[in-house]
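In: Would you be able to build a 3D model of this:
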Amino acid sequence: MLAYVSLLGDLTASTFKRDAGLKDSGKILPGHGGLLDRVDSYLFTAPSAYFFVVFILPLFSKVAELGLHKGLLIGLSSAAS
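Out: Numbers count the residues shown, from 1 in each chain. Next comes the predicted model:
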């Protein structure tokens, strides 16, 4: 998931640069497209990773605590057969 979000961040920054008619987004890292080209994928990836760790992972631990995963696995295996 994060790989796709990273790619989306990179493509979004490239689209902004292309619309503005810029080749480099700054002069801090000449020849590399500027500093923004080095961190543009992180601008989208960091919030997505934070959301996953803070909101999604706790849901998995709650499912494991309640033992619901056993029922889900039994339901999935009986549906497959």
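In: from here on, contacts and neighbour counts on C-alpha atoms
Out: Fine.
In: quick one, strands of this structure?
Out: Counting by DSSP state E, no segments of the chain form strands.
In: okay, and for it, where does confidence drop off?
Out: Applying pLDDT under 70 to the chain flags the ranges 24-25, 33, 68-81.
In: same for the lengthiest helix in the chain, what does it pack against?
Out: In the chain, assigned by DSSP state H, the helix with the most residues is helix 2-20. Packing partners of helix 2-20 (3 or more CA pairs under 8 Å, 6 or more residues apart in numbering; DSSP states H and E): helix 35-51.
In: orientation of the helix it packs on relative to helix 2-20 in degrees?
Out: Following axes from the mean of the first three to the mean of the last three CA atoms, to 10 degrees, one obtains 140 degrees for the angle between helix 35-51 and helix 2-20.
In: List the contacts of helix 35-51.
Out: 2, 5-10, 13, 25-29, 32 (CA atoms under 8 Å, 6 or more residues apart in numbering).
In: Same check on stretch 1-20?
Out: Here stretch 1-20 makes contact (CA under 8 Å, 6+ apart) with 23-25, 36-37, 40-45, 48-49.
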